[in-house]
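> missing the sequence, but the structure's below:
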């Protein structure tokens, strides 16, 4: 079992003929045969050299190949439109990898999604990986192995570091979910941890946060009352100065809010074992 | 990107918010001419992109033209929190009866822009939020409807604004919300929004203005992008922005090059954990091609405080051997004179290690080991 995606997911790639989209579509296709199509307006009717049909619209892809998930690699100025197109076509899971979308656009997109049935992961995220079954996004498949640890994180490479350490310690993963580093996004820690909590094959959970916002604190309060599965965590940004954006648009301490200390304290209070170094995580789950 | 007070007030004015008719001056003579045109008394305000300029002596009232010249001269010679004052705003002095706070910010948890107001204006709003949060009123701005009149009026009522100002307050609040959205702001603030003038003739006036623009939206606001004050960022930060690298200058002596923002933050934490001080945050992003690594390395080394450089790379889809070649090539181009410590792991780690071993680099098997070595070297130099 897993959350969000498995070997039966029918994935399309929006922006499949672009540089990023082409590179990652090949990687996803090579990992598992879940890629059923791609979308690039104006290139419908084409078939990629690895055998995936390209459509002009997401609606066509849904009708013709039964797509139920989409991953978006289009540039920031077109990505909000791409998300809304996927939602309007009835795509159940939309994963937006694109970085640099203006916050005002994401506020509108989120409000639009409130009227639809879709779940959004991202933007500015590495996507998700259910080891051995489904790779949606850019998480390298070779560092993961199937197992029972659920991983959720706001970061990309920091997650890879933790997943790599888990794999080397012989602890496989159920699903790895990157929720992204933007201030306004789709699924948050709370929704993903609720899914892991209900997933019978996820036995342990890893939560990797960073400075900025209050998602970790809000989620920790829920975890305290609802999660019995063992959890380990890490927060990046203990040494970050206030008022500076640390790479991710959402990673900023503003008005004394969003500090690493506050998040670490809240997560500890929820019973999560907090790591000093990301590579300490496997040890804390034993 | 931050805007100056005078720039923010110009934008507010275009959205129907009453602002003082001030004039910007770059020297004492210009300030004097401005004051003559405006009429005395005036208030002379340093235009710098940091808070606390009042306490630093950057805001003064002048009653005569001689006083204007003298005070403008003084303020223009100031350096406030490391930033030189290059411009002053000369505003007509206002007869202030009371001050309120009005701002629009992004509320991440609600996923909305929200209008914030408080009867406690003219003071640091963060302090109000921390000590007496009940004094701040917040209402969400609907992304499709904007701020309706009734919600703006609710706010006026909630902060106890006298009835005769409700009509103007609604216009100002709606104007601020509209200015926020139209300019892709992440902050738009009037502090204080003052009731000025005498009874019977009293009115609301935006005495100060502050805006921060979402950097990700500057592509569709070239007129705002052109307003960027080079003093807002360090030379290295500007170069990094032009090279499309995420970079923040810090005050330590260990230069850092990392791929990924989260891992980069964690790397600073690890350095600090072992007693060292990072000189910067730098995310070279995915790929880490040689030219990008070289650009990043040049920026890190341009800081004379840097005594050692630490690489922390996780090779994912980009293989470690490719990244290692990028690092070696960048070192050949840049020829660094300080020691370099590299930790590289992930896909094809062994091959990456082999390539790095042939270069003039100290290698480490973990981020912790690399940080310990870097901290030791930073202390020795």
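That came through fine. The structure displayed is predicted, hence computed values, not measured ones.

> What is the longest helix of chain B by residue count?
Ranked by residue count under DSSP state H, the longest helix found in chain B is helix B:166-182.

> Would you mind pulling up the elements that the next helix or strand after that one packs against?
Next in sequence after helix B:166-182, counting helices and strands by DSSP states H and E, comes strand B:185-196. When contacts are defined as 3 or more Cβ pairs under 8 Å, 6 or more residues apart in numbering or on different chains; DSSP states H and E, strand B:185-196 sits against helix B:5-14, strand B:96-107, helix B:166-182, strand B:203-206, strand B:210-213. To be clear about C-beta, it is placed using only N, CA and C from the backbone, and glycine gets the same treatment.

> and the last one, anywhere near chain A?
It stands for strand B:210-213. No - counting by Cβ under 8 Å from any Cβ of the partner chain, chain A has no neighbours in strand B:210-213; the shortest distance is 9.9 Å.

> Find the residue ranges of the chain scoring beneath the pLDDT cut-off.
Going with chain A. Scanning chain A for pLDDT under 70 picks out A:1.

> Oops, wrong one, chain B.
Counting by pLDDT under 70, chain B shows low-confidence ranges at B:286-288, B:381.

> Residue B:277: what's it in contact with?
Residue B:277 sits next to B:250-254, B:271, B:378 when contact means Cβ atoms under 8 Å, 6 or more residues apart in numbering or on different chains.

> Try it again at 6 Å.
For residue B:277, the contacting residues are residue B:252, by Cβ atoms under 6 Å, 6 or more residues apart in numbering or on different chains.

> Distance of it relative to residue B:345?
Distance of residue B:277 to residue B:345, computed by Cβ to Cβ, to the nearest Å: 24 Å.

> ok so residue A:187 is a helix residue?
No - going by DSSP: H, G, I helix; E, B strand; the rest coil, the assignment for residue A:187 is coil, not a helix.

> Go ahead and confirm it touches residue A:121.
Yes - look at residue A:187 against residue A:121 with Cβ atoms under 6 Å: they come within range, at 5.2 Å.

> and those two? which has more neighbours close in?
Taking other Cβ atoms under 10 Å in any protein chain shown, residue A:187 and residue A:121 do not tie; residue A:121 has more neighbours (28 against 22).

> Tell me the bridge partners for the more buried one.
residue A:95 (DSSP bridges).

> Pull the contacting residues for it.
A:95, A:186-187.

> Not counting its neighbours along the chain, what's nearest residue B:272?
Nearest residue to residue B:272 in three dimensions, chain neighbours excluded: residue A:239, at 4.3 Å (Cβ to Cβ, 6 or more residues apart in numbering or on different chains).

> same deal with residue B:282?
residue B:247 (4.9 Å).

> So what does the one you found look like in phi/psi?
With angles defined as degrees, to the nearest 10, residue B:247 sits at phi -150, psi 140.

> repeat for residue B:234
phi -70, psi 160.

> If we ignore the residues flanking it in sequence, what's nearest it?
Nearest to residue B:234 is residue B:249, by Cβ to Cβ, 6+ apart, at 4.6 Å.

> For chain B, which residues are neighbours of chain A?
Proximity of chain B to chain A (Cβ under 6 Å from any Cβ of the partner chain) is limited to residues B:106, B:108-109, B:111, B:126, B:143, B:184, B:214, B:216-217, B:246, B:248, B:259-266, B:268-269, B:272, B:281, B:283, B:314, B:316-317, B:347, B:368.

> so of these, which ones are in helices?
Taking DSSP H as the definition of helices, those contribute B:126, B:261-266, B:268-269, B:272, B:368.

> which residues touch the residue nearest to residue B:282?
Residue B:247 makes contact with B:237, B:240, B:282 under the criterion Cβ under 6 Å, 6+ apart.

> any chance of these in CSV, with neighbour count too?
Formatted as CSV, the contacts of residue B:247 follow (neighbours: other Cβ atoms under 10 Å in any protein chain shown):
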residue, neighbour count
B:237, 18
B:240, 24
B:282, 28
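
> got JSON lines for these, with distance to residue A:264 too?
Below are those laid out as JSON lines (distance: Cβ to Cβ, whole Å):
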{"residue": "B:237", "distance to residue A:264": "28"}
{"residue": "B:240", "distance to residue A:264": "29"}
{"residue": "B:282", "distance to residue A:264": "24"}
